[in-house]
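[1] sequence and predicted structure are below.
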Amino acid sequence: MQIKILGSGCPNCKILEANAKKALEELKIKANVEKVTDIAKIMKYGVMSTPALVIDEKVVSYGRVLTSEEIKKLLK
Amino acid sequence: MNIFYPLQIFVDWLVYSLFNLGQGSIFGKAINFFIYDSIKIFILLAVIIFVVSYIRTYLAPERVKKVLSKKLEIFGNMTASTIGIFTPFCSCSAVPLFIGFVESGVPLGVTFSYLIAAPLINEVAAALLWGLFGWKIALIYIASGWIISVVAGFILGKMHLEKYVEDYVYKVKMKQGLKLEKKTQKQRAKDSYQEVKSIIKRVFLYVLIGIAIGAFIHGYAPENLLTNIAGKGNWFAVPIAVLIGVPLYSNAAGVIPIVSSLIEKGLPLGTALAFMMAVTALSLPEAIILRKVMKLKLLIIYFSIVALGIIFTGYLFNILI
């Protein structure tokens, strides 16, 4: 599984990354978590409000810091 | 009828009876002012942030850009400024926002109206103004902020500055057809509640410190402290207030309570409005971030026009009121 966090490095992006890692750990899913900070790359996903969460190249959420519980639901 | 009247009775009882501070003493008055204002402002902050956040759940930029790309000229500026009222402005989202708007064909001037209104008119400033100055001043602030962003955006649009946008911005291609989130009413309410919590957590300390300094000025500073140096007679006061406001970015929460006390000490309302607008609308971190998408010349023109608009508003209110 490939997880991407889109964001220019604002505090919210870091919280989202931590929440995503926590969710993965709790579900015992092995996944690659990658941070995308390059603005042109972020825009390619069609996202304007960061942070955004991408699971297997699909944008599942944007402009919101999801809790680890919410991310768990998306991962299942 | 003041809806906060029962609160005043409670605080009077708390300070003068329970704490037994002298009703006429300056210290008692300052403490009373501090407690009453703090409680009132946090109630207003919670309510206003909740309402604004709720409306905002309908106004995601991904949705807004579609609406704005269809509007022309002045109507576009008006719509963009109105939407900007409900939008918070985290400077870290300025760049994707700018590129996204340009990419989907929103005119540059309309994009500017949005960029100006979003930070200038924000819910924290509105709540504080309402709490400390009354709803009329809050409304004047919002209305003049709206007019500044419409007019400044319109002028910037007429100047044909497209060539001063960084070239790569025009090359970015966004994926179309991003699924817009559909939210239930319950989800929207939950998001708004989260927003209330996170904003209040962020501004809590600044507001308390601001009110404490304000209460101190209220109680101890001499009347007419500022009448001579910054009164209406001094024509340089407005531009100087704007210059002082620029580096105080993001501290509107702490600055507004202090300004409200300074008005009692002879700071004219127009000068105070200009100062508060400069604090919220013009900031160095924002300028540095926007430099990524705008050439220096555009950035300077943009900031100058907004600053002129704010200074003009300051003079206007000093003359009118």
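    That came through fine. Keep in mind the model is a prediction, meaning the values are calculated, not measured.
[2] need the three-state assignment for B:Lys71.
    With DSSP: H, G, I helix; E, B strand; the rest coil as the basis, B:Lys71 sits in coil.
[3] any idea how far the nearest residue to A:Lys72 once chain neighbours are set aside lies from chain B?
    With sequence-adjacent residues excluded and distances taken as Cβ to Cβ, 6 or more residues apart in numbering or on different chains, A:Lys72 is closest to A:Ala23, at 4.7 Å. C-beta: built from backbone N, CA, C; applies to glycine. Remark: distance between A:Ala23 and chain B (Cβ to the nearest Cβ, to the nearest Å) = 17 Å.
[4] tell me who's in contact with A:Ala23.
    Contacts for A:Ala23 (Cβ atoms under 8 Å, 6 or more residues apart in numbering or on different chains) come out as A:Ser68, A:Glu69, A:Ile71, A:Lys72, A:Leu75.
[5] how does it look with 10 Å?
    A:Ala23 is in contact with A:3, A:29, A:31, A:66-76, counting by Cβ atoms under 10 Å, 6 or more residues apart in numbering or on different chains.
[6] between those residues, which is nearest B:Ala221?
    Nearest to B:Ala221 among the contacts of A:Ala23, counting by Cβ to Cβ, is A:Thr67 at 46.0 Å.
[7] gap between the closest one and A:Lys22?
    From A:Thr67 over to A:Lys22 the distance is 9 Å, taken as Cβ to Cβ, to the nearest Å.
[8] alpha carbons of stretch B:68-86, as CSV, please.
    Written as CSV, here are the backbone C-alpha positions of stretch B:68-86 (Å, rounded to 0.1, in the frame of the first residue of the first chain):
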residue,chain,number,x,y,z
LEU,B,68,-15.3,32.2,-9.7
SER,B,69,-14.0,31.1,-13.1
LYS,B,70,-17.4,31.8,-14.6
LYS,B,71,-17.8,35.3,-13.2
LEU,B,72,-16.5,38.5,-14.8
GLU,B,73,-14.9,41.6,-13.6
ILE,B,74,-16.6,43.4,-10.8
PHE,B,75,-19.2,40.7,-10.0
GLY,B,76,-16.3,38.2,-9.7
ASN,B,77,-14.5,40.6,-7.3
MET,B,78,-17.7,40.9,-5.2
THR,B,79,-18.3,37.2,-5.1
ALA,B,80,-14.6,36.4,-4.3
SER,B,81,-14.6,39.0,-1.5
THR,B,82,-17.8,37.6,0.0
ILE,B,83,-16.5,34.1,-0.1
GLY,B,84,-13.2,35.4,1.4
ILE,B,85,-15.1,36.6,4.5
PHE,B,86,-15.8,33.1,5.4
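[9] do that stretch and chain A meet?
    No - applying Cβ under 10 Å from any Cβ of the partner chain, one finds stretch B:68-86 separated from chain A by no less than 12.0 Å.
[10] noted, bye for now.
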